[in-house]
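Trainee: sharing a sequence plus its predicted fold:
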Amino acid sequence: MEKKRTVKIDLHVHTLFSADSVARPEDIIAFAKKKGLDGFAVTDHNTSECVDYLLHKGLMRKDGRPVDDFLILPGQEITTSEGHLLALGVSLPNNLKGITPQKAVEIIHENGGLAVPPHPYDFFRAGIREPTLDMLDIDALEVFNAATTLKRYNRYAFEYAQKRGLAMTAASDAHHPEAVGTAFSTFDVDQFTVAGVLDAIKKGGELNQRYLTLKEAFKKTWNNWIRLRKRRP
């Protein structure tokens, strides 16, 4: 029987498999360990390719257990018709872009994952608006995003989660390795597995909140521009 432990997890991280990131998965893992994290969730935009890559490299396990005491959760940031939605703990198809958030939540739950809207209220970054949130059977809400456009958007998200009694998460939304762990969530888990962390997310954890510095935010924007420029024909 595993001993209960406290773990630090960044639940919103992008790799080079996202169109707007340049971060190699191996570099993210190295920086996450250096910062004292116990794991993170891969949440690339509309793709689970990184999950397949990490499984192939032996850096993740299909049974949801950690590798060398470090846990990577499968996930995806789905661009729904009403905004972005994190699918945590599941590897989903790469063709979900544009579906309704209601359908996305349904698919996530059918596959045993959690539906967590990221950066709600941040309309510059496709946050889901409140009238839509009201209709969604979500499992938690990202109430602190280190890369939010305006800090008040995080406050609005926190107040909404309080109103609905939702579990809350904090995350970096990292798009380069150095940003991973800028913000993260701390959970008490009965089992240090993907299933154990998902169960802890629903119960709620401690929010560890720090914003990206101006330098880090500029690097995120610069890397995005370089990556998108390379993708042009």
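Mentor: Yep, that arrived.

Trainee: spit out the contact partners of the closest residue to residue 94 other than its chain neighbours.
Mentor: In space, residue 94 comes closest to residue 47 once its chain neighbours are excluded; the distance is 4.6 Å by Cβ to Cβ, 6 or more residues apart in numbering. C-beta: built from backbone N, CA, C; applies to glycine. With Cβ atoms under 8 Å, 6 or more residues apart in numbering as the criterion, the residues that contact residue 47 are 17, 18, 76, 94.

Trainee: and residue 47, that one's in a strand?
Mentor: No - when the secondary structure is assigned by DSSP: H, G, I helix; E, B strand; the rest coil, residue 47 falls in coil instead of a strand.

Trainee: how near is it to residue 188?
Mentor: Residue 47 is 31 Å from residue 188, where distance means Cβ to Cβ, to the nearest Å.

Trainee: try residue 202
Mentor: Between residue 202 and residue 188 the computed distance is 13 Å (Cβ to Cβ).

Trainee: the more surrounded of the two?
Mentor: The residue with more neighbours, out of residue 202 and residue 188, is residue 188; 14 against 11, by other Cβ atoms under 10 Å.

Trainee: what's across from that one in the sheet?
Mentor: Beta-bridge pairing of residue 188 under DSSP bridges involves residue 6.

Trainee: gap between it and residue 155?
Mentor: In this structure, residue 188 lies at 26 Å from residue 155, with Cβ to Cβ as the measure.

Trainee: again, but for residue 65
Mentor: Using Cβ to Cβ, residue 65 is found at 37 Å from residue 155.

Trainee: repeat that for residue 189.
Mentor: Distance of residue 189 to residue 155, given as Cβ to Cβ: 28 Å.

Trainee: helix, strand or coil for residue 161?
Mentor: For residue 161, the assignment made with three-state DSSP gives helix.

Trainee: where do the strands of this protein begin and end?
Mentor: Assigned by DSSP state E, the strands in the chain fall at 5-13, 39-42, 71-73, 75-80, 83-88, 114-116, 140-145, 167-171, 184-189, 206-208.
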